[in-house]
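1. Quick one: sequence and predicted model below, then my questions.
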Amino acid sequence: MTSLILHPGKITLDELGLIHASVCQLSLPASARVAMRASHALVKAAADGDAPVYGVNTGFGKLANKRISKDQLATLQRNLIRSHSVGVGEPLAAPIMRLMMATKAASLARGYSGCRELVVDTLLAVHNAGLVPFVPAQGSVGASGDLAPLSHMTLALMGEGDMMVNGERVPALQALQKAGITPLELEAKEGLALINGTQTSTALALHGLLAFEPVLEAALLIGALTLDAARGSDGPFDPRIHAVRGQPGQIDVAQYYREVLVGSQIRKSHEEGDDRVQDPYCLRCQPQVVGACLDQLRHAARVLLIEANAVTDNPLVFPDDGAMISGGNFHAEPVALAADGMALAIAEVGAIAERRIAMLIDSGVSRLPPFLTADAGLNSGFMIAHVTAAALASENKSMAHPASVDSLPTSANQEDHVSMATFAARRLQGMIHNTAHILGIELLAAAQGIEFLRPLQSSPVLEAVHALLRQDVPAHHVDRYLAPDIAHATQLVRDGAVAKLLKPLSGLPKLWIPG
């Protein structure tokens, strides 16, 4: 099992990927413990004092003007968690929960939240034991923190909620006892520090980013395979074209296409004597479209990496001068806008892929047999497979509507503008599902198009893509039950099997470039 030291404020995207992929044994450097002790001493002093301090000895939200007596401060924190555990829907998946617990622990460990070391140690112990708090996916508006989901997480740490253990929902206390973890008893401000914050929204958005990476890499290979099947030109990928525009994603995507097409006999076969002047935009403008999507995704990666390292609870404790200041870092607008940008990119990758399928089955454009079947009429070929792709692309258009522009006031208008970041990030999985299926259908169609050009060969890497599919999906000679083929091709897209074929190529730019 991988061991990983969480350096608060300095976690990398690669480290977040490791946490997302499997259970790592997480720990903290000694410096983090020094910072936590200093901030906790200030909170303890405030709890022992007489001055009102929000979240320490007052009510919450609209009830902030209510003073709480010293003998009720622990009860205040427990009541906060119980009353805020109001989520609904399916539980968040284990990879999301690992990210959520790790980023919350790292945020508290920066020493601006006033928590005891024990709080972070309990979070890490639960994570390291492979326990997954039962956290319903719905119920956060992404402002004042992801209150409901983080409350469910905290409730499980207290031994009062539920845990998911090997896919089964069990009482949290039972799971903690079996793992030898003492349930957490909250002290002043600790409940508020645990549930204020953007860790749920951020974990969901990171889940989307990491899940889409192999899909995007597959899109580059499948788009190139379609280009060769349609006997398209690689001229539009000339680096000079992209250099004079200067958009970095476009430049990098064009390089991908140039590299994966090197050595194609199909391309050589029509360099001369082809009466076509220009290819359709779905082929010619792939660097411009997918490159712009890549730029959006890179921006999102930078924002999410900052947020994963951020301190986002309230109020914040500054040990250097003893200040405790109320602010609004819990407002997840950066995550909402990043997730909305990701949604647009995911939808566009699917949209241009759908257009490439439409081009392939249109014999007037692709110069391949109608609907990619040799006996059209008796056979319908890929006619309705394209309809499925069109339906999915249309769904993505609706789902790509920005969530961040929709704000509903909550808490008796105390929280009068909210980000909707949690939904903005959560809906990405459905969109990735759709785009992966569109690309799976395109992979089938492009591979079928290549069959009509035999004995000519595509480039070595694109022939490897074709061979990967043909291991389990034979060529389409007559109509057959296509749904299983679509499912198999989509799995190759989603699980990274297609993307892995890019790895032997050297010198290609990295997709996600954190700033």
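-> Okay, I see it.
2. What distance do you get for residue 352 to residue 253?
-> From residue 352 across to residue 253, the span is 12 Å (CB to CB, to the nearest Å). Where C-beta positions appear, they are placed from N, C-alpha and C, glycine not excepted.
3. between those two, what contacts are shared?
-> 286, 290 (CB atoms under 8 Å, 6 or more residues apart in numbering).
4. Neighbour count: those two, which is higher?
-> Taking other CB atoms under 10 Å, residue 352 and residue 253 do not tie; residue 253 has more neighbours (29 against 23).
5. send the alpha carbons of the strand or helix carrying that one over as PDB?
-> Secondary structure from DSSP states H and E places residue 253 in helix 248-261. C-alpha atoms of helix 248-261 as PDB (Å, rounded to 0.1, in the frame of the first residue of the first chain):
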ATOM      1  CA  PRO A 248      -1.400  26.700 -26.100                       C
ATOM      2  CA  GLY A 249      -4.000  23.900 -26.000                       C
ATOM      3  CA  GLN A 250      -4.400  24.100 -29.800                       C
ATOM      4  CA  ILE A 251      -0.700  24.000 -30.300                       C
ATOM      5  CA  ASP A 252      -0.400  20.900 -28.100                       C
ATOM      6  CA  VAL A 253      -3.400  19.000 -29.600                       C
ATOM      7  CA  ALA A 254      -2.100  19.600 -33.200                       C
ATOM      8  CA  GLN A 255       1.200  18.000 -32.000                       C
ATOM      9  CA  TYR A 256      -0.700  15.000 -30.800                       C
ATOM     10  CA  TYR A 257      -2.400  14.600 -34.100                       C
ATOM     11  CA  ARG A 258       0.800  15.000 -36.100                       C
ATOM     12  CA  GLU A 259       2.600  12.400 -34.000                       C
ATOM     13  CA  VAL A 260      -0.200   9.700 -34.000                       C
ATOM     14  CA  LEU A 261      -0.500  10.000 -37.800                       C
END
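6. Just the buried positions in it, please.
-> By 16 or more other CB atoms under 10 Å, the buried positions in helix 248-261 come out as 249, 250, 251, 252, 253, 254, 255, 256, 257, 259, 260, 261.
7. pLDDT score for the first one?
-> Yep, that's residue 249 we're talking about. At residue 249, the model reports a pLDDT of 96.
8. can you tell me which residues contact it?
-> Contacts of residue 249 were listed using CB under 8 Å, 6+ apart, and they are 290, 291, 292, 293, 294, 295, 298.
9. Residue 57: which of those residues is nearest?
-> Nearest to residue 57 among these: residue 298, at 44.6 Å, using CB to CB.
10. Mean confidence (pLDDT) on whatever helix or strand that closest one lives in, please.
-> In this structure, residue 298 sits in helix 286-308 according to DSSP H and E. In this model, helix 286-308 has an average pLDDT of 97.
11. repeat for stretch 401-413
-> For stretch 401-413, the mean pLDDT works out to 85.
12. Serialize the contacts of residue 249 to TSV and add fields for neighbour count and distance to residue 119.
-> Converted to TSV, the contacts of residue 249 look like this (neighbours: other CB atoms under 10 Å; distance: CB to CB, whole Å):
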residue	neighbour count	distance to residue 119
290	26	44
291	23	44
292	18	43
293	24	40
294	27	39
295	18	39
298	21	34
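13. ok, of these, which one's closest to residue 465?
-> After measuring the contacts of residue 249 against residue 465 - CB to CB - the closest member comes out as residue 290, at 16.6 Å.
14. Pretty sure that closest one sits against residue 253.
-> Yes: in this structure, residue 290 is within contact of residue 253 by CB atoms under 8 Å, at 5.0 Å.
15. who touches both of the two?
-> The contact sets of residue 290 and residue 253 overlap at residue 220 (CB under 8 Å, 6+ apart).
16. Buried residues, the helix or strand following the helix holding residue 253. List them.
-> Next helix or strand after helix 248-261 toward the C-terminus (DSSP H and E): helix 265-269. Within helix 265-269, the residues that count as buried by 16+ other CB under 10 Å are 266, 267.
17. Report back the residue of this structure that's furthest from centre.
-> residue 273 (46.1 Å; CA atoms, centre = their mean).
18. Contact partners for that one?
-> Contacts for residue 273 (CB under 8 Å, 6+ apart) come out as none.
19. which non-adjacent residue is nearest the residue nearest in space to the middle of the chain?
-> In the chain, the centroid-proximal residue (CA atoms, centre = their mean) is residue 208; its distance is 1.6 Å. Once flanking residues are discounted, residue 208 sits nearest to residue 428: 3.4 Å by CB to CB, 6 or more residues apart in numbering.
20. how about the nearest residue to residue 194 once chain neighbours are set aside, what does it touch?
-> Leaving out its chain neighbours, the residue that sits closest to residue 194 by CB to CB, 6+ apart is residue 154, at 4.5 Å. Listed by CB under 8 Å, 6+ apart, the contact partners of residue 154 are 81, 184, 186, 191, 194, 195.
21. Buried subset of those, written for ChimeraX?
-> One line in ChimeraX is enough to select the buried members of these, burial here meaning 16+ other CB under 10 Å:
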select :81,184,186,191,194,195
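22. For the contacts of residue 154, give me a markdown table that also has secondary structure and pLDDT.
-> Listed next are the contacts of residue 154 as a markdown table, based on DSSP: H, G, I helix; E, B strand; the rest coil; pLDDT from 0 to 100:
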| residue | secondary structure | pLDDT |
| --- | --- | --- |
| 81 | helix | 96 |
| 184 | coil | 98 |
| 186 | coil | 96 |
| 191 | helix | 95 |
| 194 | helix | 97 |
| 195 | helix | 96 |
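23. Would you mind listing the two of the contacts of residue 154 that lie farthest apart?
-> 184 and 195 (12.9 Å).
24. from memory residue 160 sits against residue 172, does it?
-> Yes: counting by CB under 8 Å, residue 172 is a contact partner of residue 160 at 6.4 Å.
25. And the residue nearest to residue 194, which helix or strand is it part of?
-> Using DSSP H and E, residue 154 sits in helix 147-157.
26. pLDDT weak spots in the protein?
-> 513-515 (pLDDT under 70).
27. ok, the residue nearest to the centre of the chain - contacts?
-> Neighbours of residue 208 in contact, by CB under 8 Å, 6+ apart: 339, 342, 346, 425, 428, 429, 432.
28. Where does it sit: helix, strand or coil?
-> helix (DSSP: H, G, I helix; E, B strand; the rest coil).
29. Please list all residues in contact with the residue nearest to residue 208.
-> By CB under 8 Å, 6+ apart, the contact set of residue 428 is 204, 205, 207, 208, 211, 212, 339, 342, 343, 346.
30. if I look at the last one, how far off is residue 142?
-> Going back to what we said before, that points to residue 346. Noted for residue 346: a distance of 19 Å to residue 142, by CB to CB.
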